[in-house]
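Student: Need coordinates for the following:
(2 chains)
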Amino acid sequence: MAAPLLIVAILGVAAWCAVSPGIVGPGEAGRLLTGLVVPWLGLAVMTLGLALRLFRLLRAPAAGNACLAEGQRRSLPWVRPAGLAAPSTPGEARLRRWLNLASFRPLRRASRLLAAPETNQPVHYPSGWLRLASLLFHLSLLLVLLRHIWLWLAPFPASLAWLDRGLDCLLGAGGLDGFFLFNGRPLFLSDLILPASLLFLLGRRRLNPVLRRISRPADYFALFLLLALCGSGLALRYISEADPAALRAFCRGLASFSPALSQEGGPEPPRLLFLHLFFFGLLLLFIPFSKLGHMVTAWLAPNWSRPLVPACSGRRSRPGRRGQAAQDAVPASQSYAGYAAAYGAALREAGLPVDEPGPPLDENGRGTE
Amino acid sequence: MAGPLHLTLPTPGDELLAGLDYSGTGQSPPGLPLDRLAGPDTLRALGLPLGGQSAPSFLGSAEAQSWPLDFAEAGKPRLPSGWEDLVRQALKKRLKADRNLRLHLENCQRCGACADKCHLYLGTGDPLQMPVLRSELLRAFYRGEFTLAGRLLGLLPGPFREGRPDRALLGRWFHYFHQCSLCRRCAVFCPLGLDNSEISALGRDLLLELGLGREGILEPLRRTVRCGNHAGLGPIELKAELAGISRHVEELTGLQISIPLNEPGHEVLFVPPAAGYLSGPGRRNLTGCLMLLHEAGLDYTISTYASGVENYGAFANPSLREAVGLRMYSEAARLGCRWILAGDDGQMWRVLQQCLNAAPGYTLAEAHGLETPRNPATGTVFREAAACAVLHIDLLAADLVARRKIRLKPKRNLEFTATFHDSCHAARSLGLLEEPRQVLLAACADFQEMPEGTTREMTYCCGAGGGLGADPANAHGNEAGALREIRLRGGMARGLALRRAQREKGVNLLAASCSTCLTALPELAACWAPGVEVAGLYEILGNALAMRGEKRRRLSLAGELLPGVPQAAEEAPALPPPAAFAGGFLEPSVLEELSRLAALADENGGGKS
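Tutor: Alright, predicted model coming up:
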């Protein structure tokens, strides 16, 4: 854990020094780098990287049907099927996949292994913390990202006002959002939950010995990067005295590749903003090379992508490419002819009928009679 | 029967539990021993690459059973020169052929949801048996060799480089991927829909590219390829075994059942589990199956060419598993059967479900001119089996039971309180959960479930999945069969659940449908829940089955007096009591050898304990 933390810290300090006037020159080069180059580079690399990653995946065929049955399949009329748990149509499979992805349903079975106090037998005790924390993390990340739209839409359209007001109600605070103030600014629930869930996921990796054993540096790096990004953003919003209008102006300049990097065009953009943008760029750079790429590949989830029962076209069709390949996979040694050659005498001795090698099989695998 | 056939098992229970450490911080044990590597003859016969195994250096010798976890000893096993490249190329090829492999390798978030769900981790406490860490053995290699970030980090010194292909990594692959039972239990918990068993299977496949395979898996596979069943029974032996079963049924019921063999023109091709031809609960299960089919009046034939459902290719290599899986189709087409009825052997059903019948626009039924299975006794059409034209026997039995086409006398099973062990793939790859329970409930009135979370889709492996049931050392009369410890440790989760059901609900019978489970469960029950008997689902059904025209039955399929039958003093049981355990993978020659040893031990005063 130490190395990823150190890397994030060093990067943060370096960026801070680079944008502060007087440490490395006037700081303008640093601002250009952290505020413009890194985020845009990150965006480009992420887009390209994820597209490549997706392309590489989709280019290969999805061989096999790994559909996982999590319950009773549809079978005899009097047997009650488990519905989505064992999907039997493509539609059901799709529904299960998106439900599972959107609500982390498999984690409803999450549990922790502990020795039962009296018997010392290993027992799985149900635990909903992982599901709760992951759900809250993803949801609040989504909300926080969406809320950044405000920075770019200058007359903020009334139709999007709910973003800045009510969407957080989804998190269960029912209209309380923005009711509390922090440092004179309305407090968003998701702004609290995002770092809290990140800290939980981090603490879990450190404190649970099993998690500690399976965690890799890259896992910590992702968490620290997200925490740094989140921390700089929160500081910018709730602590710094930055003028929101100036931030807005700056970000719009960023979008058109001409941000006001120095004081000439107006008030100086806060250094925290550059730090925030820098971490954002780093995160984007990191995504396509890491497990975070699951943001575009998770929907391909192999175990949920097909129904349990393959569709039967109902008409006699020639085997497709893969079907043919499967047929060709039967080596001659495994064919009936090979078997009859090896066991013909034994078959006759046992008084069993033997097929003499007949005419070659046609493309349907039937004898050409 | 005393002697080498009889397994005298310790009841490790609490000592073993006390020694287990689930903190996740422990070190890996030196590696539970696996059996020997497959020899060049086996590899050649299967058309597999020989790798470095062309010369029988240490292969086949006794020491082969305990070679080190990390392959560190020089030259053992031999690897082909440039093997790192061979592995790289092989993985590249497979990634191109299947998108899902890349997803399994890339998408893991290491959230830990699967970490403590594996029965092998529960039974060993070895952190590398956590599904996520077992897969990490291959994921690290993938990242180090196939991703930009991994390759760049690999340029840095030492610890940054991951999954460097060396003998130590290869040794871990061999041990851990071969210990995984491919049961998919961890997949049920994965929030991203990933499957560690696919990674274990991929790892085994890559090892085979180097000629590294377990003899215990490849030898039965070779027998399947050669003679159609993994037990190695040729037509003469098969006919004799079936005649034996038929005789047994006649002794019990007074009815002559005919078992057609290789006869063209029947409606159904029945592919039974080949373990049923041998002794033990598997045989009694098959006997029950055949009694059921007779009573249902099904027009079937058995084939010697496709005489066993067990698909050992599933433990080795995708092309072999497809080839083995397709045998029954070509045979059904050759014999002019309309559909196929198959007994339960988990892996085979998974292969059928996932590999053979997955291409869109093409179904096996259509390709081989087979029809949708239809039960002639009830008229039920099994539409869900339309695409593959293979019917699971549990479905047929459940249909017959529910539509009352067979008469059952559950009183004959009065002495039992039964519970049901779902096999991994009937549950998780097929979703057949209620059907076997309905059959069992009809045949044995007292049915109790094992604790929640250990049954149905969350069922635990019997310990013999993934090829661990095939144990040549055991077959050769070695009481400490090389894999027995892994099986019993892996079976601990199931065993403890069974023990709880035994103590709390009075369960004294464990029923299972899968033939692999049936070979493994007796030793599991003897170890973890002594006093619980193991029987096939169809053995219980066969006992309860009131066949038309049968005589008054005295004995059960296991040769015990049925409840309510007075003991006749002069009458000896018609059958010897069943052997405690017999591997379902024995060559006849081995069986002979075993019985000779057993007889010898009997002569010497009952043998050792």
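Student: which residues touch the closest residue to chain B within the stretch 151-300 of chain A?
Tutor: Nearest residue of the stretch 151-300 of chain A to chain B (C-beta to the nearest C-beta) works out as A:Val210 at 3.5 Å. Every residue, glycine included, has its C-beta placed from N, CA and C. By C-beta atoms under 8 Å, 6 or more residues apart in numbering or on different chains, the contact list for A:Val210 reads A:Leu113, B:Tyr22, B:Ser23, B:Gly24, B:Gly112, B:Ala115, B:Asp116, B:Met130.
Student: Buried residues, stretch A:291-303. List them.
Tutor: Neighbour-count burial for stretch A:291-303, counted by 16 or more other C-beta atoms under 10 Å in any protein chain shown, picks out A:Lys291, A:Leu292, A:Gly293, A:His294, A:Val296, A:Thr297, A:Ala298, A:Leu300, A:Ala301, A:Pro302, A:Asn303.
Student: how long is it end to end?
Tutor: 18 Å (C-alpha to C-alpha, to the nearest Å).
Student: and it, what's its mean pLDDT?
Tutor: Stretch A:291-303 comes out with an average pLDDT of 94.
Student: Please apply the same query to stretch B:441-451.
Tutor: 93.
Student: Just the CA atoms of that stretch, as PDB, please.
Tutor: Only the C-alpha atoms of stretch B:441-451 are listed here, as PDB (Å, rounded to 0.1, in the frame of the first residue of the first chain):
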ATOM      1  CA  LEU B 441     -39.700 -37.100  -2.200                       C
ATOM      2  CA  ALA B 442     -42.000 -39.500  -4.100                       C
ATOM      3  CA  ALA B 443     -39.700 -42.400  -3.400                       C
ATOM      4  CA  CYS B 444     -38.700 -41.700   0.100                       C
ATOM      5  CA  ALA B 445     -41.300 -40.000   2.200                       C
ATOM      6  CA  ASP B 446     -39.000 -38.500   4.700                       C
ATOM      7  CA  PHE B 447     -36.900 -35.800   3.000                       C
ATOM      8  CA  GLN B 448     -34.900 -33.100   4.700                       C
ATOM      9  CA  GLU B 449     -32.700 -30.400   3.200                       C
ATOM     10  CA  MET B 450     -29.100 -29.700   4.300                       C
ATOM     11  CA  PRO B 451     -28.400 -26.300   5.700                       C
END
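Student: from the middle of its chain, how far away would that stretch be?
Tutor: 23 Å (C-alpha atoms, centre = their mean, to the nearest Å).
Student: Quick check: pLDDT value at the residue of the stretch 151-300 of chain A closest to chain B.
Tutor: The model's pLDDT for A:Val210 equals 92.
Student: If we check chain B, which of the buried residues of stretch A:291-303 are in contact?
Tutor: A:Lys291, A:Gly293, A:His294, A:Thr297, A:Ala298, A:Leu300, A:Ala301, A:Pro302, A:Asn303 (C-beta under 8 Å from any C-beta of the partner chain).
Student: Tell me who's in contact with the spatially closest residue to the second one that is not a sequence neighbour.
Tutor: In space, not counting the residues next to it along the chain, A:Gly293 is nearest to A:Arg53; the distance is 5.4 Å by C-beta to C-beta, 6 or more residues apart in numbering or on different chains. By C-beta under 8 Å, 6+ apart, the contact set of A:Arg53 is A:Pro288, A:Gly293, A:Val296, A:Thr297, B:Glu106.
Student: circling back: tell me the two of the ones next to chain B among the buried residues of stretch A:291-303 that are most distant?
Tutor: A:Gly293 and A:Asn303 (18.5 Å; C-beta to C-beta).
Student: Determine the number of other residues adjacent to B:Arg552.
Tutor: 8 (other C-beta atoms under 10 Å in any protein chain shown).
Student: Please apply the same query to the one 3 residues further on.
Tutor: Other residues within reach of B:Leu555, judged by other C-beta under 10 Å, total 19.
Student: returning to that earlier point: helix, strand, or coil at the residue of the stretch 151-300 of chain A closest to chain B?
Tutor: helix (DSSP: H, G, I helix; E, B strand; the rest coil).
Student: helices or strands up against the helix or strand hosting B:Arg88?
Tutor: Following DSSP states H and E, one finds B:Arg88 within helix B:83-97. In this structure, helix B:83-97 makes packing contacts with helix B:99-106, helix B:131-146, helix B:196-209, judged by 3 or more C-beta pairs under 8 Å, 6 or more residues apart in numbering or on different chains; DSSP states H and E.
Student: mind running it again at 6 Å?
Tutor: helix B:99-106, helix B:196-209 (3 or more C-beta pairs under 6 Å, 6 or more residues apart in numbering or on different chains; DSSP states H and E).
Student: can you list contacts of it?
Tutor: A:Ala60, B:Leu101, B:Arg102, B:Glu145, B:Pro165, B:Leu206, B:Glu209, B:Leu210 (C-beta atoms under 6 Å, 6 or more residues apart in numbering or on different chains).
Student: For the second one, grab the count of nearby residues.
Tutor: The reference is to B:Leu101. B:Leu101: 23 neighbours (other C-beta under 10 Å).
Student: Let me see the contact set for it.
Tutor: B:Leu101 neighbours (C-beta under 6 Å, 6+ apart): B:Arg94, B:Leu95, B:Leu202.
Student: I'd like those residues written out as TSV, with distance to A:Ser134 and pLDDT added.
Tutor: As requested, the contacts of B:Leu101 are exported to TSV (distance: C-beta to C-beta, whole Å; pLDDT from 0 to 100):
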residue	distance to A:Ser134	pLDDT
B:Arg94	31	94
B:Leu95	28	94
B:Leu202	27	96
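Student: which of the residues you listed tops the neighbour count?
Tutor: Going by other C-beta under 10 Å, B:Leu202 tops the contacts of B:Leu101 with 23 neighbours.
Student: gap between the closest residue to that residue other than its chain neighbours and B:Lys92?
Tutor: Nearest residue to B:Leu202, sequence neighbours excluded (C-beta to C-beta, 6+ apart): B:Leu101, at 5.9 Å. Counting by C-beta to C-beta, to the nearest Å, the gap from B:Leu101 to B:Lys92 is 11 Å.
Student: Please enumerate the strands of the stretch 101-250 of chain B.
Tutor: Counting by DSSP state E, counting those that start in this stretch, no segments of the stretch 101-250 of chain B form strands.
Student: just the helices in it please.
Tutor: B:119-124, B:131-146, B:148-155, B:167-172, B:178-179, B:185-189, B:196-209, B:215-227, B:235-253 (DSSP state H, counting those that start in this stretch).
Student: Pick the most buried one from these.
Tutor: Neighbour counts (mean count of other C-beta atoms under 10 Å in any protein chain shown) averaged over each of the helices of the stretch 101-250 of chain B peak at helix B:119-124, with a mean of 27.
Student: Show me what that helix packs onto, helices and strands only.
Tutor: Against helix B:119-124 (3+ C-beta pairs under 6 Å, 6+ apart) you get helix B:484-490, helix B:492-505.
Student: where does it sit relative to the chain's centre, distance-wise?
Tutor: 18 Å.
Student: thinking again about what came up before, which of the contacts of B:Leu101 lies closest to chain A?
Tutor: Using C-beta to the nearest C-beta, the contacts of B:Leu101 come closest to chain A at B:Leu95, 6.7 Å.
Student: and A:Pro244, how many neighbours does it have?
Tutor: 12.
Student: so what pLDDT did it get?
Tutor: 79.
Student: residues touching it, list them.
Tutor: A:Pro244 neighbours (C-beta under 6 Å, 6+ apart): none.
Student: Including distance to A:Gly344, could the helices of the stretch 101-250 of chain B go into JSON lines?
Tutor: Putting those into JSON lines (distance: least, C-beta to C-beta, whole Å) gives the following:
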{"stretch": "helix B:119-124", "distance to A:Gly344": "45"}
{"stretch": "helix B:131-146", "distance to A:Gly344": "44"}
{"stretch": "helix B:148-155", "distance to A:Gly344": "55"}
{"stretch": "helix B:167-172", "distance to A:Gly344": "43"}
{"stretch": "helix B:178-179", "distance to A:Gly344": "37"}
{"stretch": "helix B:185-189", "distance to A:Gly344": "45"}
{"stretch": "helix B:196-209", "distance to A:Gly344": "31"}
{"stretch": "helix B:215-227", "distance to A:Gly344": "13"}
{"stretch": "helix B:235-253", "distance to A:Gly344": "9"}
